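**Q** predicted model and sequence below, questions to follow.
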Amino acid sequence: MTARKIRVLIAKPGLDGHDRGAKVVARALRDAGMEVIYTGIRQTPEMIVEAALQEDVDVIGLSILSGAHMTLCPRIMELLRQYGMGDVPVLVGGIIPEEDRAALEAAGVRAVFGPGTPTHEIVDFIRRVVSAPAEV
């Protein structure tokens, strides 16, 4: 019997239309054997959380290049808690200033990956957080 694949939702919240990085990460996750649901660009926090709920995902990955991460991420985390999904790890990638990382983590974001992060680091992190959520 084979184990269930890790299900990852990749989303582009806000008005940012640049999705090359999100697509690169999505492909790397698929190549690593994960099931990836890519919602596309210009997603609202409500759309992202609804998709995560419907797809029963293990992890949510957000790609944000617009600078709106301090508005979008806390709203997504709030909605996840409202829908009983506060335990789903949320990862953020994109242009995130170092001084904003602590606030994002305080809001519940599990990890922030900046430009140039090797995709194997993201894959490894997801595998660790899904297999042992309390340890990461």
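**A** That came through fine.

**Q** pull the distance from stretch 64-83 to the chain's centre.
**A** On the basis of Cα atoms, centre = their mean, to the nearest Å, the separation between the geometric centre of stretch 64-83 and that of its chain is 11 Å.

**Q** ok, stretch 88-97 next?
**A** Centre to centre, stretch against its chain (Cα atoms, centre = their mean), the figure for stretch 88-97 is 6 Å.

**Q** that stretch: which residues count as buried?
**A** Residues of stretch 88-97 classed as buried by neighbour count (16 or more other Cβ atoms under 10 Å): 88-94, 96. (C-beta placed from N, C-alpha, C; glycine too.)

**Q** can I get the CA coordinates of that stretch in PDB?
**A** Once non-C-alpha atoms are left out, stretch 88-97 reads as follows in PDB (Å, rounded to 0.1, in the frame of the first residue of the first chain):
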ATOM      1  CA  VAL A  88      -2.200  23.700   8.300                       C
ATOM      2  CA  PRO A  89       1.300  25.000   7.900                       C
ATOM      3  CA  VAL A  90       1.600  28.100   5.700                       C
ATOM      4  CA  LEU A  91       4.800  29.000   3.900                       C
ATOM      5  CA  VAL A  92       5.500  32.300   2.300                       C
ATOM      6  CA  GLY A  93       7.900  33.000  -0.600                       C
ATOM      7  CA  GLY A  94       8.800  36.100  -2.400                       C
ATOM      8  CA  ILE A  95      10.100  39.600  -1.500                       C
ATOM      9  CA  ILE A  96       9.700  39.600   2.200                       C
ATOM     10  CA  PRO A  97      11.900  42.100   4.200                       C
END
